[in-house]
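> I need the structure of the sequence given here:
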Amino acid sequence: MGRLEHLIVASLLAFVGSAQAATQVQVVGLFPGAAVLNVDGLRKLVKVGQTGPGGVQVISADSRGAVLRVDGVERPYSLSREASAGFAAPGKSQTSIARGGDGHYRVAGSIGGQPMQFLVDTGATSIALNEGQARRLGIDFRTQGRPMVVNTASGTARAWLVNLNRVKVGPLEVLGVEAAVLEGESPTDALLGMSFLNRVRWREDQGLLVLESKL
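Got it, this is the predicted structure:
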């Protein structure tokens, strides 16, 4: 083998080595101001301005995509459908909720097909709505509900126990969910309590609340 052939082989080996060493990055979750990164198989929620595994920095992020700085180069990334689907077993639905700056998990969902913003509350026995939210949903709680008294942070309050036909969070839908409608304006956010959470699998994972169907 001549000198020229040696140089070509050496160049090819160097190229292959650099390609193998390149950081493998996927965006597997998107939230306002944060992205879930999968870097060389290591998954982590990284907020804008922070640096994640492999030195990957999140420059910007929203529900449409993220701009990452990888190996010193900035470029846009979209959600990796393949990686996202890989988190759940076949036939299972799954969604991830990012923890907010106040330490709480908030997520958009729906009740009976109508949009509702939820605050996840594992300390709540059931889904909890204020009377204004219930009226907007068309729930005749005073007639159809069972009167009760509940304990809140402000003391006791009158409430009515009702049954919601269907509650949906992301791709997860649960039918026939118990809820309490509280008199007055509290809670401000509808509470996603254990009457829903007990019907799905859930776990906390590095700043994410992961919900998964049981089927």
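> please count neighbours and contacts with C-alpha atoms only from this point.
Noted.
> residues in contact with stretch 141-159?
Contacts with stretch 141-159, where a contact means Cα atoms under 8 Å, 6 or more residues apart in numbering, come from 134, 160-162, 180-183.
> least trustworthy helix or strand in this protein by mean pLDDT?
For the chain, the helix or strand with the lowest mean confidence is helix 81-86, at a mean of 38 (criterion: mean pLDDT, DSSP states H and E).
> distance from the chain centre to the helix or strand harbouring residue 147, please.
Of the helices and strands defined by DSSP states H and E, residue 147 is found in strand 146-152. Relative to the mean C-alpha coordinate of its chain, strand 146-152 is positioned 30 Å out (Cα atoms, centre = their mean, to the nearest Å).
> in the next helix or strand after that strand, which residues are buried?
Using DSSP H and E, the helix or strand that follows strand 146-152 towards the C-terminus is strand 155-169. Burial within strand 155-169, assessed by neighbour count using 16 or more other Cα atoms under 10 Å, is assigned to 159-164, 167-169.
> which non-adjacent residue is nearest residue 34?
The spatial neighbour of residue 34 that comes closest, neighbours along the chain excluded (Cα to Cα, 6 or more residues apart in numbering), is residue 47 at 4.1 Å.
> ok, the one you found - contacts?
Here residue 47 is in contact with 33-35, 58 (criterion: Cα under 8 Å, 6+ apart).
> repeat that for 10 Å
Taking Cα atoms under 10 Å, 6 or more residues apart in numbering as the definition of contact, the neighbours of residue 47 are 31-36, 57-61.
> in helices only, show me the residues you listed.
Filtering these for membership in helices, criterion DSSP state H, returns an empty set.
> picking up where we left off before, how about a markdown table for the buried residues of strand 155-169, with distance to residue 125 and pLDDT added?
As requested, the buried residues of strand 155-169 are arranged in a markdown table below (distance: Cα to Cα, whole Å; pLDDT from 0 to 100):
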| residue | distance to residue 125 | pLDDT |
| --- | --- | --- |
| 159 | 13 | 95 |
| 160 | 14 | 96 |
| 161 | 11 | 95 |
| 162 | 13 | 96 |
| 163 | 14 | 94 |
| 164 | 15 | 95 |
| 167 | 16 | 96 |
| 168 | 18 | 95 |
| 169 | 18 | 94 |
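> centroid-nearest residue for this protein?
Per Cα atoms, centre = their mean, the C-alpha nearest to the average position across the chain is that of residue 97, at 2.0 Å.
> wait, isn't that residue in contact with residue 109?
No - applying Cα atoms under 10 Å, one finds residue 97 not in contact with residue 109, separated by 11.5 Å.
> of the buried residues of strand 155-169, closest to residue 102?
Nearest to residue 102 out of these is residue 169 (Cα to Cα; 20.8 Å).
> quick revisit: what's the overlap in contacts for residue 97 and residue 109?
Both residue 97 and residue 109 are in contact with 169-170, where contact means Cα under 10 Å, 6+ apart.
> hang on, the earlier thing: what two of the contacts of stretch 141-159 are the furthest from one another?
That would be 162 and 183, which, of those, are the farthest apart (Cα to Cα) at 13.3 Å.
> from residue 60, how far off is residue 178?
The spacing between residue 178 and residue 60, counted by Cα to Cα, to the nearest Å, is 39 Å.
> for the nearest residue to residue 186 once chain neighbours are set aside, what are its contacts?
Closest residue in space to residue 186, ignoring its immediate chain neighbours: residue 130 at 5.3 Å, by Cα to Cα, 6+ apart. For residue 130, the contact set (Cα under 10 Å, 6+ apart) comprises 159, 180-191.
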